[in-house]
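Engineer: dropping a prediction and its sequence here:
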Amino acid sequence: MKNSFMNQVQRSALLRVHVIMNSLVFLAIVTFASTAVSNDDIGKELFLKGAVPACAVCHTLKAAGAVGEVGPSMNVLQPDTARVMNAVKNGIGIMPAYANLTPEQLQILSEYVAKASRQ
Ligand code: HEC
């Protein structure tokens, strides 16, 4: 009697360990998947809405699906990274400077635009 009760307790404890382990594996996978975002994805996100006001409002960039027409088309201009960085950091003409981007965001965005404008 006592034995089978203990067995049951042990089994349910084992089951709980299993459930916890499975949840941990699941969490690990979710965490890995969400950190496996490429710089291209981040750059595109910044171009479309992360940078405020969004670059896409004023510029065309086919790879990002952006069709803005206030400023020059990135596909026509095909600026290199340094040129994008300079425009975003300091502003140019009616284009505002983006003081609220971190240096890392500025770098990722500029590299993305340079690359995507040639696609
Ligand atoms: C309000 C509209 C507007 C927004 C928003 C905007 N731009 Fe511009 N951008 C312009 C205009 C207009 C020009 C042309 C300025 C000139 O030559 O007088 C320009 C120029 C540029 C240039 C060319 C600079 C050069 O050296 O000739 C690049 C690159 C550029 N923008 C990238 C971006 C990026 C990246 C963003 C988002 C962080 C952005 N722009 C947001 C309007 C905008």
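Structural biologist: It's in.

Engineer: map the structural domains onto the sequence of this protein.
Structural biologist: 1-36, 39-116 (automatic domain parsing).

Engineer: do you know which of these lies nearest the ligand?
Structural biologist: Smallest distance to the ligand across the domains of the chain (Cβ to the nearest ligand atom): 2.4 Å, for domain 39-116. Every residue, glycine included, has its C-beta placed from N, CA and C.

Engineer: centre of the chain versus the helix or strand containing Ile42, how much separation?
Structural biologist: Ile42 belongs to helix 39-45 when assigned by DSSP states H and E. On the basis of Cα atoms, centre = their mean, to the nearest Å, helix 39-45 sits 5 Å off its chain's mean C-alpha point.

Engineer: contacts for that helix next, please.
Structural biologist: Gly50, Ala63, Ala64, Gln105, Ile108, Leu109, Glu111, Tyr112, Val113, Lys115, Ala116 (Cβ atoms under 8 Å, 6 or more residues apart in numbering).

Engineer: just these that are near the ligand?
Structural biologist: The subset of those within reach of the ligand, by Cβ under 6 Å from any ligand atom, is Leu109, Val113.

Engineer: quick revisit: pull out the buried positions in the helix holding Ile42.
Structural biologist: Of the residues in helix 39-45, Ile42, Gly43, Lys44, Glu45 count as buried by neighbour count, 16 or more other Cβ atoms under 10 Å.
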